[in-house]
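Novice: Model the structure of this input:
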Amino acid sequence: MIKSGGMEGANGAGVILNSYNGCSYNPNPHDADAIFCCDKDHQCWGSLQECMPNCPCKANCSKKKGH
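Specialist: Numbers count the residues shown, from 1 in each chain. Just a heads-up that it's a prediction; the model follows:
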């Protein structure tokens, strides 16, 4: 399920925010293991397929970085 929400910017332009089953794309990852981050606990993963089942994190959480 893909959820998307919009907000109006100061100039009236729409800003789209996407969340995929609670995981959002991290536009400024510190490393390749932080591409998608869980909106609930801010733990980051290397792929959307890793992030979705681990959001919120259930195992090895201390190894993952927040954004």
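Novice: show me where this structure has strands.
Specialist: 2-8, 14-20, 23-25, 36-38, 44-45 (DSSP state E).
Novice: Residue ranges in the chain under the pLDDT threshold?
Specialist: Along the chain, the parts satisfying pLDDT under 70 run over 1-17, 62-67.
Novice: Phi, psi for the nearest residue to Asp41 once chain neighbours are set aside please.
Specialist: Excluding the flanking residues, the one nearest Asp41 by Cβ to Cβ, 6 or more residues apart in numbering is Pro56, at 4.5 Å. Quick note: C-beta positions are derived from backbone N, CA and C, even for glycine. Main-chain torsions, Pro56, degrees, to the nearest 10: phi -70, psi 160.
Novice: Report the contact partners of Pro56.
Specialist: Pro56 is in contact with 22, 38, 40-41, 43, counting by Cβ atoms under 8 Å, 6 or more residues apart in numbering.
Novice: can you do 6 Å?
Specialist: By Cβ atoms under 6 Å, 6 or more residues apart in numbering, Pro56 lies in contact with 38, 40-41.
Novice: Please apply the same query to Gly46.
Specialist: By Cβ under 6 Å, 6+ apart, the residues touching Gly46 are 32-33, 35.
Novice: Closest to Asn26 out of these?
Specialist: Comparing the contacts of Gly46 against Asn26 with Cβ to Cβ places Ile35 closest, at 5.9 Å.
Novice: I'd say the closest one and Tyr25 touch.
Specialist: No - Ile35 is beyond contact range of Tyr25, at 7.1 Å (criterion: Cβ atoms under 6 Å).
Novice: Between these two, which is the more surrounded one?
Specialist: More crowded of Ile35 and Tyr25, by other Cβ atoms under 10 Å: Ile35, with 19 against 15.
Novice: For the more buried one, give me its contacts.
Specialist: 26, 29, 46.
Novice: now those as JSON lines including distance to Cys61?
Specialist: Converted to JSON lines, those look like this (distance: Cβ to Cβ, whole Å):
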{"residue": "Asn26", "distance to Cys61": "17"}
{"residue": "Pro29", "distance to Cys61": "18"}
{"residue": "Gly46", "distance to Cys61": "15"}
